[in-house]
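In: Just to be clear, the model below is a prediction. Sequence and coordinates:
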Amino acid sequence: MELAALEKQLRTLQTESTTKIGAASSLADLEELGSSLLGKKGALTDLLRGIGSLSAEDRPKIGALANEVRTAIEAALESRRTVAGAAELSARIANETEDATTPGPLPAFGSLHPIPETISAIGQIMGSFGFTVAEGQEVEDDVTNFQLLNIPEDHPSRDLWDTLYLREPGRLLRTHTSPGQIRTMRAVEPPIRVILPGRCFRYEAVDASHGFEFHQVEGLLVDRGTTLADLKGILDELARGLFGPAARTRFRPGYYPFTEPSVAVDVSWGGSKDGWMTILGAGMVHPIVLENGGIDPETHQGFAFGLGVERIAMLRHGIPDLRALLENDLRMLRGLR
Ligand code: DAH
C-alpha cells in the first residue's frame, strides 16, 4: 500500500471517529466506540496492518501519524465521557429527587389509656377550682379505711366478702379512696381542696360492670361555711367538663356513714343518648369524720365525693365492658374515640 493512501485512511478514521464520538450520548456507547476504534480488533489496529508493505523510511511517518490519530480519538472520547457522565448524573438526580414539601410518613402515636386519661381530665377540671392532686395509699389499715370514716363494725363494706385483707392483722387493700380524706385532714390545715385518685380493691365477682380492682377519684373540700350548694356547683362544672356543656347533675338521697347528708349523684349529658346515670357518691363530711381528721366541726365544714373512674371512662369512650380496661388489648385501645 502506498504511503499517501494509508495517510488518507488514517485521517479519515480520525474525522469519522471524532464525529461518531461527538454524537454518542451515553457512557456505554462511548465504551463500545472506544474498543471498536482503538481496541485490539479495532479499526486503527486494522489499518496499521498495511504498515508492513511500506518502505522502511515511510513506516515511522505512519507510526507518528497513527499515534496522533490515537491521541486525538482518545481525547475526543475523554471529553465526550465527561459530558455524557455529567448528563447521566443530572438525569439520575432529577429522577431520584424527592419533593421535600410532601408530608413524610407519620410516626405511630401512642395514646393514654382511658383510665389515666379520665383521671387527668378530672384533675384538670378540678385544678381550675383550686384542687390539688394527692395520693393515698393502696395498702391501708382497718382503722383508716373504716373506723375513722365512721363505718361501724357491721357495715356491709366491712364484710369479709367485700374486703381483701392482708395476712398482717389490721392491714387490707383499700376498698375506696375515702381513707385519703383522713390522711389529708391530719396532714394539712384547712382550707383544704384536694382530689385523691387511685386504685381500689374489693372481693367481687368480675363481670362487665364489676371488677375486683378499680379506680376512684376522691374529692375533699374543707373550709368555713361550706354547704351542699358548693358541692352541687362544683359537681355541675365537673359534669360539664367531662361530658360537654349540656350536662347536668341531680342529687338523690343516699347513705354513707362518713357523710351527712349523703347524696347519690346522677349525670345527664343531653343530646340523643340522654338519660340519668349514677356516677358518684357524695355528701357533707360527717362531723365525727372531721373530728377524726383533727378539724373542729363547729368552725369548719366540708364536702366530699367519690367517683368511679371506670364508669366515666366507659361513658366518655363508649367502652361497653369494664374488663376491656384491664386487658391491655391494643386493638381496643387503638379503636377508642
Ligand atoms: N367511698 C364511697 C364508696 O366507695 C364513695 C363515696 C361516697 C365517697 C360519698 C365520698 C362520699 O367521699 O362523700 O362507695
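Out: Structure's in. What do you need?
In: how's this structure carved up into domains?
Out: 3-96, 114-334 (automatic domain parsing).
In: Just name the most buried of those domains.
Out: Of the domains of the chain, the one with the most neighbours on average (mean count of other Cβ atoms under 10 Å) is domain 114-334, at a mean of 17. (Each C-beta comes from the backbone N, C-alpha and C, glycine too.)
In: what mean pLDDT would you report for that domain?
Out: For domain 114-334, mean pLDDT rounds to 91.
In: Any idea how far that domain is from the middle of the chain?
Out: With Cα atoms, centre = their mean, to the nearest Å as the basis, domain 114-334 stands 29 Å off its chain's centre.
In: quick one, what contacts the residue lying farthest from the centre of the chain?
Out: Distance from the C-alpha centroid of the chain, by Cα atoms, centre = their mean, peaks at Ser55 (89.4 Å). Listed by Cβ atoms under 8 Å, 6 or more residues apart in numbering, the contact set of Ser55 reads Leu3.
In: Secondary structure of it: a strand, I assume?
Out: No. Applying DSSP: H, G, I helix; E, B strand; the rest coil, one finds Ser55 to be coil, outside a strand.
In: can you redo the domains of the chain as CSV with distance to Gly104?
Out: Below are the domains of the chain laid out as CSV (distance: least, Cβ to Cβ, whole Å):
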stretch, distance to Gly104
domain 3-96, 16
domain 114-334, 21
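In: With respect to the ligand, which of those lies nearest?
Out: For these, proximity to the ligand was assessed by Cβ to the nearest ligand atom; domain 114-334 is nearest, at 2.5 Å.
In: So that closest one, near the ligand or not?
Out: Yes. With Cβ under 6 Å from any ligand atom as the criterion, the ligand is reached by domain 114-334 at 176, 178, 218, 256, 259, 281-283, 304-306.
In: which one of the domains of the chain lies closest to Leu106?
Out: Using Cβ to Cβ as the measure, domain 114-334 is the one of the domains of the chain that comes nearest Leu106, at 14.0 Å.
In: Ends of the closest one, what's the gap?
Out: End-to-end span of domain 114-334 (Cα to Cα, to the nearest Å): 11 Å.
In: same check, this time on stretch 205-212
Out: Note: stretch 205-212 ends 7 Å apart using Cα to Cα.
In: same question, stretch 280-300
Out: Stretch 280-300 has an end-to-end distance of 24 Å (Cα to Cα).
In: cool, and stretch 286-296?
Out: 11 Å.
In: One more: stretch 266-286?
Out: 22 Å.
In: try stretch 214-232
Out: Stretch 214-232 end-to-end distance (Cα to Cα) = 25 Å.
In: Same question for stretch 302-319.
Out: Start-to-end, stretch 302-319 (Cα to Cα) is 34 Å.
In: do the same with stretch 20-35
Out: End residues of stretch 20-35 are separated by 13 Å (Cα to Cα).
In: for the record, mean pLDDT for it?
Out: 90.
In: Pull the contacting residues for Thr118.
Out: Residues near Thr118 by Cβ under 8 Å, 6+ apart: 242, 309, 312-313, 316.
In: Those residues in helices, which ones?
Out: Counted as lying in helices by DSSP state H, out of the contacts of Thr118, are 242, 309, 312-313, 316.
In: Looking at those residues, which is nearest Asn328?
Out: Relative to Asn328, the closest of those is Ala313; by Cβ to Cβ it sits at 14.3 Å.
In: For the closest one, list the residues it contacts.
Out: Neighbouring residues of Ala313 by Cβ under 8 Å, 6+ apart: 114-115, 117-118, 319, 325.
In: Mind putting the residues you listed into a markdown table with secondary structure?
Out: Putting the contacts of Ala313 into a markdown table (three-state DSSP) gives the following:
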| residue | secondary structure |
| --- | --- |
| Pro114 | helix |
| Ile115 | helix |
| Glu117 | helix |
| Thr118 | helix |
| Ile319 | coil |
| Leu325 | helix |
